[in-house]
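Colleague: requesting a structural model of the entry that follows:
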Amino acid sequence: MKKICTLLFAISLLTCTAQAQTTGFNRLKNVASEHIVDLENSGSFAPNVSEEEASSLPGTVAWMTFEDNTVTNLQAQHVDLVNVVIPMVKDLVPTIITEPVFEELKDSVINMANAYLGKAMATVLVGAVRRYTYSDFLTYIDEMDTKMYYKETEGGYLLYVNTPKFPLDAGDLTSYVTSKINGYLSLYLGTMEEMAKQYLVGREGLRPMVNSMIEHFRFGDYFYLSEQETSDQGPQFAFANSLDIDKHGDRVVWNFVPVDNDSHFFGPKGQLQDANGKWYASFAADFAVEIPNGMKAYYVTDVVDAGKSLIQRKEITQGFIPPMRPVILELNGQDAADNKMEVMGVVPQVEVDLENALQLATDSLGFLLGKRLPEPSKNYYVFGMENGKLSLMQTEQTFLRANEAYFFLDDTRVALNTTGYLTLDDNVDAISQVEVTRQNTGVVYDLQGRVVKNPTKGIYIINGKKVVIN
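Modeller: Residues are numbered from 1 along each chain as shown. As a prediction, this is how the structure comes out:
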């Protein structure tokens, strides 16, 4: 009997306690829905995929570190949410709500108070608004906490941020007037929405989450990450404050699921099949992966003959694919389970291969979220099949998907390439005098493929070239 009780107790611990947070590559899983969070094209960021779907999606794999109940790193698709995006959004506020805009908002609040409140109440509110200066507002923004916290709860963890209350001192007012003030603060929130719209151009997938944050902003509280109960757009993020957290139930509880090579693996799905039945996938990720037995990874080195629609490819022989390296994978099969790749936490130091003419579909900030083109262009080629052979196909689409490689061909050789495709060939010599045209993005990378905002002394990659900064 004692052994049975011990076993039952152990089972209860397994089923009722949180899955321990572990530094490394994790997936974020909602306890109620069992949805996995995915960061993908145009910054679409939501708990919207099943665990089976997540196995083949690089945007579900995030590098996470933890310290003293704080999430110190949460990076996926080359997007550092904690240390870059949240502070960046905070820094954008004063550039949108400038002092003239701030004064216009104050005038609007004063006019509404005089129009809709009694004289006594209006006098108190108007006085409070007039005392609140632009300097006060900037101080309020500056004091905002941009950290992300976590704490254990039954079955998982709560993820939350802390925002201060809007410091409008209106004296000893009734709850009725306080609610009116909250209503007037919606004017400020409306301006914040306009700020969000500007930031979210090309990142429409983030809009539901930002709108939810703005909706809760006025209370000044701990805001807990949750999943919406229902949404016309499918599963989306929501935020719960201390007053309504109980209404969210387990939708506010999350688990950190370590990526392994077993049940929580990562493996690409086959996208293209050649005439011999071999499966391929265009691939790029912000983490390194080992190349398993039976699989091969290739990159494109140069155009051999645009007129004959030939392009050279080479195989990666070092046994792994470094982060932010676009390649074409020759797979073991169509299913993700056939192509399990070990995600590497420690990457060996390697020389950047400047022969690789494939490019990453990144946005203007260097995030691996796809590339939006201003207009259809015949200069862009993506992987496809032509006559049963793996080829780079001319595309006129206006959006290049995240985690897929593309090739850019200059106007001169586009004119020579009348077929609209380039067949990969690894049995011919490249023409040495022909150079692949690269686009100048200005984004600075270190030798491990990570974006560097403020480079110091060292060797960096800028516009595809190795640059030494002294």
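Colleague: looking at this structure, which strand is longest?
Modeller: strand 296-305 (DSSP state E).
Colleague: sheet partners, orientation included, of the helix or strand following it?
Modeller: Downstream of strand 296-305, the next assigned helix or strand under DSSP states H and E is strand 310-315. Paired with strand 310-315 in the same sheet, following DSSP bridges, are strand 296-305 (antiparallel), strand 421-425 (parallel).
Colleague: quick one: the ones you listed as JSON lines, columns for distance to residue 415, mean pLDDT and mean neighbour count too.
Modeller: Every residue, glycine included, has its C-beta placed from N, CA and C. Shown next, in JSON lines, are the strands paired with strand 310-315 (distance: least, Cβ to Cβ, whole Å; pLDDT from 0 to 100; neighbours: other Cβ atoms under 10 Å):
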{"stretch": "strand 296-305", "distance to residue 415": "13", "mean pLDDT": "82", "mean neighbour count": "20"}
{"stretch": "strand 421-425", "distance to residue 415": "14", "mean pLDDT": "82", "mean neighbour count": "19"}
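Colleague: is it possible to get CSV of the ones you listed that adds distance to residue 97?
Modeller: Shown next, in CSV, are the strands paired with strand 310-315 (distance: least, Cβ to Cβ, whole Å):
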stretch, distance to residue 97
strand 296-305, 46
strand 421-425, 50
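Colleague: for residue 244, grab the count of nearby residues.
Modeller: Here the count is done by other Cβ atoms under 10 Å, and residue 244 has 14 residues near it.
Colleague: quick one: it and residue 77, what's the gap?
Modeller: 31 Å (Cβ to Cβ, to the nearest Å).
Colleague: mind saving the C-alpha coords of the longest strand of the chain as CSV?
Modeller: This file holds the C-alpha atoms of strand 296-305, laid out as CSV (Å, rounded to 0.1, in the frame of the first residue of the first chain):
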residue,chain,number,x,y,z
LYS,A,296,22.3,17.0,-47.3
ALA,A,297,22.4,20.7,-47.3
TYR,A,298,23.4,22.8,-50.3
TYR,A,299,24.0,26.4,-51.1
VAL,A,300,24.2,28.3,-54.4
THR,A,301,27.5,29.8,-55.3
ASP,A,302,27.1,31.5,-58.7
VAL,A,303,25.3,31.6,-62.0
VAL,A,304,27.1,29.4,-64.4
ASP,A,305,25.2,30.4,-67.5
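Colleague: that one: how far from the chain's middle?
Modeller: Remark: strand 296-305 is offset 29 Å from the chain centroid, using Cα atoms, centre = their mean, to the nearest Å.
Colleague: again, but for stretch 40-54
Modeller: On Cα atoms, centre = their mean, the centre of stretch 40-54 falls 10 Å from the chain's centre.
Colleague: again with stretch 379-395
Modeller: That offset, for stretch 379-395, works out to 28 Å (Cα atoms, centre = their mean).
Colleague: what does stretch 123-141 give?
Modeller: 36 Å.
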